[in-house]
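**Student:** Here is my input; please provide its structure:
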Amino acid sequence: MKKRFSLIAAAMAAVALVAALAGCSGGSTASSGSASAASTQASDSSAASGQAVELQIFAANSLTKAMAEAQELYTSIHPEVTFADTQYKASGELNAMLEGGAYADIEITASKGTMDTAEQEGYIDAGTRVTMFTNELVMVTSENNADITEMTLEDIATGNYTVGVGDDSVPAGNYADQALSTVGCFIDPDGKTGADSAGKANGTDAFAGTPLEGKVMTQTSVGNVCKLAEAGDVDIAFVYSSDVERFGGVKVVGTVPADTHKAITYPGAVTSQSNNKEAAEQFINWCLTDRDVQEIWQKWGFTLAA
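**Tutor:** Modelled structure (predicted):
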């Protein structure tokens with residue numbers, strides 16, 4: 001009898017031991033699961049705060065040197081942010097690229113009109129749009145040209161000079177044509193002059209019948225226009241003051257009066273397709289507020305709009 005009781009007691013003790021072990025095992029599993037979840041959340045949080053971002057910028061040609069320097073400075077401060085191969089084109093071409101499906105996080109154009117188009121077509125997030133810089137339009141000639149030291153719009157209208165300007169897709173060319181229209185050297189198809197003009201030939205020979213008929217060379221970028229003057233291919237070229245710093249080889253012989261053309265502004269915005277909207281907005285804001293980068297803009301001939 002005692003032997004039977006001992007066997008029963010032993011069996012019950014075994015059952016209790018198994019249950020206890022099962023309970024311990026279950027508790028350990030739950031604890032491990034909670035720790036794993038916490039670890040995953042911490043990892044996600046860490047990734048979000050320090051995640052690497054590559055920004056793609058589409059910018060007006062005239063910003064080439066200044067923007068490259070600004071990006072280098074930004075990455076040195078924010079190593080998690082790098083920049084893809086920034087595309088520098090005429091502002092109209094930047095819009096054409098976005099229309100064709102090319103990807104960008106930020107667009108910066110050299111005219112209000114091209115950014116207006118980008119907004120109307122839905123290429124940018126209108127809520128992020130801001131006017132970033134201003135510039136001046138100047139007349140330049142080759143630095144080796146000793147015959148021309150000063151130039152005005154009236155001189156061009158009454159003299160015998162060859163001229164280089166940007167084509168319809170180049171804002172600097174639009175501004176130049178607006179200015180030239182005030183002295184009868186450009187005929188706007190809509191009959192407007194100065195700042196009221198779009199400064200676009202729209203397929204016509206807008207210089208026909210003017211003092212510049214047969215004397216104008218056009219280019220698809222303001223940089224190429226500057227090179228026309230540098231090489232001596234034209235007597236006078238219309239470019240931005242920043243281009244003189246950017247290219248060299250030319251000298252300024254006159255500043256185009258600001259009231260003869262639309263205001264030269266550089267609007268910037270985050271694109272509507274951007275996958276990095278927060279990082280893109282932060283970069284634009286830094287461009288406008290950081291003291292060190294302001295020195296870069298000034299060095300290359302740009303003035304902050306605000």
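**Student:** what about E80, neighbour count?
**Tutor:** 12 (other C-beta atoms under 10 Å). The way it works is simple: take the backbone N, C-alpha and C, and place the C-beta from them, glycine included.
**Student:** Leaving out chain neighbours, which residue sits closest to it?
**Tutor:** Closest residue to E80 apart from its sequence neighbours, by C-beta to C-beta, 6 or more residues apart in numbering: A52 at 5.2 Å.
**Student:** Was I right to think that neighbour contacts N276?
**Tutor:** No: between A52 and N276 there is no contact under C-beta atoms under 8 Å: 10.5 Å.
**Student:** Have a look at these two and say which one is more surrounded.
**Tutor:** Higher neighbour count among A52 and N276: N276, with 19 against 9, using other C-beta under 10 Å.
**Student:** list the contacts for the more buried one?
**Tutor:** By C-beta atoms under 8 Å, 6 or more residues apart in numbering, N276 lies in contact with V53, E54, L55, D105.
**Student:** Produce a PyMOL select command limited to the buried residues of these.
**Tutor:** In PyMOL syntax, the buried subset of the contacts of N276 is picked out as below (16 or more other C-beta atoms under 10 Å):
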select buried, resi 53+55+105
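**Student:** Could you save the contacts of N276 as TSV and add columns showing pLDDT?
**Tutor:** Shown next, in TSV, are these (pLDDT from 0 to 100):
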residue	pLDDT
V53	97
E54	98
L55	98
D105	98
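**Student:** Mind putting the contacts of N276 into a markdown table with secondary structure?
**Tutor:** Shown next, in a markdown table, are those (DSSP: H, G, I helix; E, B strand; the rest coil):
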| residue | secondary structure |
| --- | --- |
| V53 | strand |
| E54 | strand |
| L55 | strand |
| D105 | coil |
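**Student:** Return the distance of the residue nearest to E80 relative to P79.
**Tutor:** Separation of A52 from P79 (C-beta to C-beta, to the nearest Å) stands at 9 Å.
**Student:** Helices along the protein, start to end?
**Tutor:** Ranges of helices in the chain, per DSSP state H, are 2-50, 64-77, 91-99, 112-120, 153-158, 171-181, 222-231, 241-247, 277-289, 291-299.
**Student:** I'd like the contacts of N276 as TSV, with distance to G268 appended.
**Tutor:** What follows is these, written out as TSV (distance: C-beta to C-beta, whole Å):
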residue	distance to G268
V53	18
E54	18
L55	12
D105	11
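**Student:** still on that earlier bit, ok, the residue nearest to E80 - contacts?
**Tutor:** Residues near A52 by C-beta under 8 Å, 6+ apart: E80, V81, T82.
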